[in-house]
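Participant: Fold the stuff below for me.
(4 chains)
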There are 2 protein chains.
Amino acid sequence: MKDRPFTPMLERLRNAGLRPTRQRLALARLLFGGGNRHVTAEQLHAEARREEIPVSLATIYNTLNQFRKAGLLREVVVDSGRSWFDTNLEDHHHFFHEATGALTDFEAEGLAVEGVPRAPAGTEVARVEVIVRLRDAG
Amino acid sequence: MKDRPFTPMLERLRNAGLRPTRQRLALARLLFGGGNRHVTAEQLHAEARREEIPVSLATIYNTLNQFRKAGLLREVVVDSGRSWFDTNLEDHHHFFHEATGALTDFEAEGLAVEGVPRAPAGTEVARVEVIVRLRDAG
DNA sequence: CGATAAGATTAGAACAAATCTAAACTATTG
DNA sequence: CAATAGTTTAGATTTGTTCTAATCTTATCG
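Facilitator: Sure thing, here's the model as predicted:
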């Protein structure tokens, strides 16, 4: 039972409780059609315009947030003033190159975070996020 | 050779290559006068107003950024749209309570991050940041 | 000291990311 | 295919931050 090329987007949206509208389908194809990727709202908007998909920036924001809430995307915050959305839902972490703003995944496999203190009373750990900040090699 | 109550702020600023102006001294006292703390620009501005320190928001931003560049503060990015500044320069990490926006330190002592992959060619690791995202316990 | 230059501060304008609004449109249901 | 619930939109709005250029302060040097 693996994904197939076209209908699956429609299924994915329905399973997430989202109506498969033109815009959502088109954006889902951009986001999930190839390999994993990271996008900002502005980037996705530019890309959609290039592909002649009629979609407003407001809808890009709505859609990204809906996809995030539905668990189709993960939000990554590494630099203040913009949000990244990551299609990779597997357990992984990020390199962030401060000079260029480039964001790259690395697999959690092999990475171990040990000795995380107990969560404060009344709370529990939702996620442990590791960001490896990079600078140009000197 | 330990810090003493008042002059040290002046020294700290001079050592950082910053002129010890009224505003910078006052802000340094707010920031470094007690224990470690996290502030946003708006918070610090409100606090300064409460203490009747005449300082504009622009200066708060200038000062926070200068202090950061001088290595007196560290910036922490956990939610998009606002920046936190942390007076704790020691090796440590953060709890971030998503529901309340509260940011808390925990010591790196005892925490081990193992198996971080090699940095991509041409780059080196500037810092490994661990953010433990919390939600209300269910 | 007192003049000068370099640097800092300021109010308000400008900017950028993201959200809101309410009107127009579209998918679903029966 | 009509009704309705949900979606999209352009543009206004909000929020956090930076910029501008005029004013003021600190450091320097005669």
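
Participant: Tell me the secondary structure of residue A:67, please.
Facilitator: On the three-state scheme (DSSP: H, G, I helix; E, B strand; the rest coil), residue A:67 is labelled helix.

Participant: measure it to residue B:126 for me?
Facilitator: As judged by C-beta to C-beta, to the nearest Å, residue A:67 and residue B:126 stand 31 Å apart. Quick note: C-beta positions are derived from backbone N, CA and C, even for glycine.

Participant: Look at those two and report which has more neighbours.
Facilitator: Neighbour comparison, residue A:67 and residue B:126: the larger count goes to residue A:67, with 24 against 16 (by other C-beta atoms under 10 Å in any protein chain shown).

Participant: which ones are touching that one?
Facilitator: Contact criterion C-beta atoms under 8 Å, 6 or more residues apart in numbering or on different chains gives A:16, A:28, A:31, A:73, A:85 as the residues in contact with residue A:67.

Participant: Residue A:63: how many residues sit nearby?
Facilitator: Number of residues near residue A:63 (other C-beta under 10 Å) recorded here: 24.

Participant: about what we covered before: which members of the contacts of residue A:67 define the maximum pairwise distance?
Facilitator: The widest separation within the contacts of residue A:67, taken as C-beta to C-beta, falls between A:16 and A:85 and amounts to 14.7 Å.

Participant: the more surrounded of the two?
Facilitator: Just comparing residue A:16 and residue A:85: by other C-beta under 10 Å the higher neighbour count belongs to residue A:85, 22 against 16.

Participant: now that one, what's its secondary structure?
Facilitator: The three-state label given to residue A:85 by three-state DSSP is strand.

Participant: who's in contact with it?
Facilitator: Residues in contact with residue A:85, defined by C-beta under 8 Å, 6+ apart, are A:31, A:38-41, A:44, A:64, A:67-68, A:73-76.

Participant: ok, now with 6 Å
Facilitator: A:39, A:64, A:73, A:75 (C-beta atoms under 6 Å, 6 or more residues apart in numbering or on different chains).

Participant: hang on, residue A:31 in a helix?
Facilitator: Yes: when the secondary structure is assigned by three-state DSSP, residue A:31 falls within a helix.

Participant: Leaving out sequence neighbours, find the closest residue to the residue nearest the centre of chain A.
Facilitator: Note on chain A: the residue nearest the mean C-alpha position is residue A:86, at 1.8 Å, using C-alpha atoms, centre = their mean. In space, not counting the residues next to it along the chain, residue A:86 is nearest to residue A:74; the distance is 4.7 Å by C-beta to C-beta, 6 or more residues apart in numbering or on different chains.

Participant: Tell me how many other residues crowd the one you found.
Facilitator: Per other C-beta under 10 Å, the neighbour tally for residue A:74 reads 18.

Participant: Right, I'll call it a day here.
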